[in-house]
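Enquirer: just the structure for this:
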Amino acid sequence: MEFPEAILFDLDGVLLDTEPLLAKAWSETAKEYNHYLSNDKLLELKGRRRIDCAKKVFKWINKEISIKELLFIQKLKVDKQLTKAKPFKGAIDLINFCINIKLPIALVTSSSNESFKIKSSINPWLNLFETKILGDDKFISAGKPSPDPYLRALKILEVNPFKTWVIEDSYAGSVSGLRAECFLMFFSNDFGILNKLLSEFNQDKILKIKELSEIIYYLKLYKGF
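Expert: This is a model prediction of the structure:
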C-alpha cells in the first residue's frame, strides 16, 4: 500500500447513508405484490444498478407483471426516500481534502443519472466530482460486480489500477473494484462480506476502515505530511 494515483468512490453506503432508504423502497415495492424481501435478498441488491435489482426482484416475486411496471412502482417509493439522504460523517471533508492536495478522484456509482440528480440536489457537494461514472453510462456494458464501471473510471483518469484506491461497502461494488485490480478500502461493518472477500481475493489488496477520516490519515501518512 502506497500513496495512490487516484481514489474512486462509491456513492450509496460510502458517501451517502442511503442503503437503508433504498432497501426500504425495494421492500415496499415487493409488498405491493404481497412478497416479502428477506435481509439476505436485500443484501443481494446492495451496490447494484436499479435495473439489475429490478431483474432480481422480478424473479423473486414470480408474478405476471413486467419489469417496466416494477420499476415504475419502485420509482414512486424511492424518490420519496432519497429526499432523506444525508452524507456520512467525514464524507465532505474527505472529498475537499483530496481536491486540496490535487489527488484525482472519481465517483463510480450504480445510481442512474436521474437518481444522482435527486441526491445531488439535496447534497450539492457531490458536484465537486468532475469525473462521475453513473449506472446508466452508455460506455458500460455491465454494472457492478462487473469491473466495467471502475475500468471506465481508470481509463478516464489515466491512472494505474494497482496504485488506485476504491472505497466500497457492498459485496458487488467491492468485487467490481477488486476485479479492476484496484486496492479496496472496505467501509462496512459487515464481517460476513469482508470474510468472503478475503477468502476470494488477495488479502493484501483489502483494508477495512471504520471511518472515512481514516483515509485522510493514510493519505497524510503515505504523503509524509
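Enquirer: tell me which residue of the chain is furthest from the middle?
Expert: Distance from the C-alpha centroid of the chain, by CA atoms, centre = their mean, peaks at Glu64 (31.1 Å).
Enquirer: and the helices in the protein, which stretches?
Expert: 19-31, 39-45, 50-61, 67-82, 91-100, 113-122, 148-157, 171-179, 191-200, 213-223 (DSSP state H).
Enquirer: determine which of these approaches Ile206 most closely.
Expert: Nearest of the helices of the chain to Ile206, taken as CB to CB: helix 191-200 at 5.9 Å. Quick note: C-beta positions are derived from backbone N, CA and C, even for glycine.
Enquirer: what does the closest one rub up against?
Expert: Residues outside helix 191-200 that contact it (CB atoms under 8 Å, 6 or more residues apart in numbering): 170-171, 174-175, 178, 184, 186, 188, 206, 208.
Enquirer: what comes up buried for that helix?
Expert: Buried residues in helix 191-200, counted by 16 or more other CB atoms under 10 Å: 193-194, 197.
Enquirer: and stretch 217-225, by the same measure?
Expert: For stretch 217-225, by 16+ other CB under 10 Å, it's 218-219.
Enquirer: quick one: mean pLDDT over that stretch.
Expert: Mean pLDDT, stretch 217-225: 88.
Enquirer: just the CA trace of it, in CSV.
Expert: Presented in CSV, the C-alpha positions along stretch 217-225 are these (Å, rounded to 0.1, in the frame of the first residue of the first chain):
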residue,chain,number,x,y,z
TYR,A,217,-4.9,9.7,8.0
TYR,A,218,-3.5,7.2,5.5
LEU,A,219,-3.1,9.8,2.8
LYS,A,220,-1.1,12.0,5.2
LEU,A,221,0.9,9.1,6.4
TYR,A,222,2.0,8.0,2.9
LYS,A,223,2.5,11.5,1.6
GLY,A,224,4.6,12.5,4.6
PHE,A,225,2.6,15.4,5.8
